[in-house]
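> Predicted coordinates and the sequence they were generated for:
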Amino acid sequence: MSTEAELHTLTGAYAVDALARHERAEFERHLAECEACALEVRELGATAARLGLAAAEPVPPRMKDDVMRLIANVRQEPPSVPEPPRAATRAARRRAPQPARRRARFALAACLAAAAALGGVAVWQQQQLGDLRQENRQTQAQAEQISRVLAAPDAVTTSAKLAGGASGTVVVSRSQDRAVFFAHGMPALSGNRVYQLWYADGGAMRSAGLMPKPAGRDATQAVLLQGAVDGASGMGITVEPPGGSARPTSDPLALMEFPA
């Protein structure tokens with residue numbers, strides 16, 4: 001019998017029909033009572049369907065052209081006839097024209113290439129599915145950590161106005177030693193630049209990770225700051241080149257002190 005916490009982690013496996021029969025029955029009973037898992041299953045199922053459609057796309061046009069060109073040079077298979085004695089077969093093989101042998105080898109090579117391509121698609125699909133499961137586990141772990149920070153008895157908050165009419169709120173729990181940043185109305189950035197979060201730590205700025213791309217002017221994003229709060233007295237947010245920076249390269253859009 002799985003625990004309630006374990007059942008919450010089975011959404012990805014259920015969406016791709018990877019559960020054993022008894023696990024599936026147990027999870028479906030849980031699914032009937034858990035709206036959060038039901039929503040996640042629908043989203044993961046839609047993603048898995050898109051992956052399936054991607055794997056079903058036609059092979060590259062170049063491969064099709066190569067196969068069709070080789071087929072045009074291959075003679076149609078003759079009607080079947082009784083198999084001659086081995087000695088006659090060896091003699092006929094020695095008399096076979098060289099071009100016919102070459103065409104047969106080309107046709108075989110084309111078939112092997114097509115089979116390898118289809119096998120590559122299957123491998124790619126398995127890799128994508130593995131990445132999806134890993135991403136799902138990471139998202140669940142992050143959501144659980146954010147929930148622990150927000151529910152902590154010592155959680156405290158502070159807010160500030162950001163550039164461009166956006167606003168931000170940070171929630172800090174010293175017992176959890178983590179912080180969560182809520183951003184609302186962050187404007188999109190040009191040139192693949194990114195928003196980077198920082199801990200203000202003893203007069204220096206310590207990277208706390210990158211923010212996801214803004215989801216829209218009316219959207220609110222929750223970001224778990226990377227790393228422990230430790231002795232940090234506050235946080236900041238800057239605009240950085242793609243991939244982020246080891247140290248801030250621009251003036252902070254905001255500096256927010258953590259409440260005592």
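Ah, there it is. Computed from a prediction, not measured in an experiment: that's the story for all the values here. Residues are numbered from 1 along each chain as shown.
> thought L162 was touching F181?
No: L162 is beyond contact range of F181, at 10.8 Å (criterion: CB atoms under 8 Å). Quick note: C-beta positions are derived from backbone N, CA and C, even for glycine.
> So for the two, which sits in the more crowded spot?
F181 (22 against 19; other CB atoms under 10 Å).
> Unless I misread the structure, that one falls within a strand.
Yes: assignment of F181 by DSSP: H, G, I helix; E, B strand; the rest coil places it within a strand.
> Domain boundaries for the chain, per the record?
As assigned by automatic domain parsing, the chain contains the domains 1-76+87-150, 156-257.
> Quickly list what's touching both of L162 and F181.
Residues touching both L162 and F181 by CB atoms under 8 Å, 6 or more residues apart in numbering: 168, 237.
> sorry, back to before: rank the domains of the chain by pLDDT, which is bottom?
Lowest mean pLDDT of these: domain 1-76+87-150, a mean of 65.
> Check which helix or strand A143 maps to.
Here A143 is covered by helix 98-151, with elements defined by DSSP states H and E.
> Pull up the pairing partners for the helix or strand following that helix, direction included.
Counting by DSSP H and E, the element after helix 98-151 in chain order, helix or strand, is strand 156-161. The pairing partners recorded for strand 156-161 under DSSP bridges are strand 167-173 (antiparallel).
> what's in contact with the partner strand?
Contacts to strand 167-173, defined as CB under 8 Å, 6+ apart, come from residues 148-150, 152, 154-162, 178-185, 229, 235, 237, 254, 256, 258-259.
> Roughly how far does the spatially closest residue to G243 that is not a sequence neighbour sit from F181?
Nearest residue to G243 in three dimensions, chain neighbours excluded: V194, at 7.4 Å (CB to CB, 6 or more residues apart in numbering). Applying CB to CB, to the nearest Å, the value for V194 to F181 is 14 Å.
> Repeat that for V171.
On the measure of CB to CB, V171 and F181 end up 8 Å apart.
> now do L7
From L7 across to F181, the span is 30 Å (CB to CB).
> Which positions in stretch 236-249 come out as buried?
Neighbour-count burial for stretch 236-249 flags 236-240, 244, 248 (criterion: 16 or more other CB atoms under 10 Å).
> Just give me the closest of the residues you listed to A32.
Lowest distance from A32 to the buried residues of stretch 236-249 (CB to CB) belongs to I237, with 41.9 Å.
> Does anything pack onto the helix or strand containing the closest one? Which helices or strands?
Take DSSP H and E as the rule and I237 turns out to sit in strand 234-240. For strand 234-240, the elements it packs on are strand 178-184, strand 194-201, strand 204-210, strand 254-257, judged by 3 or more CB pairs under 8 Å, 6 or more residues apart in numbering; DSSP states H and E.
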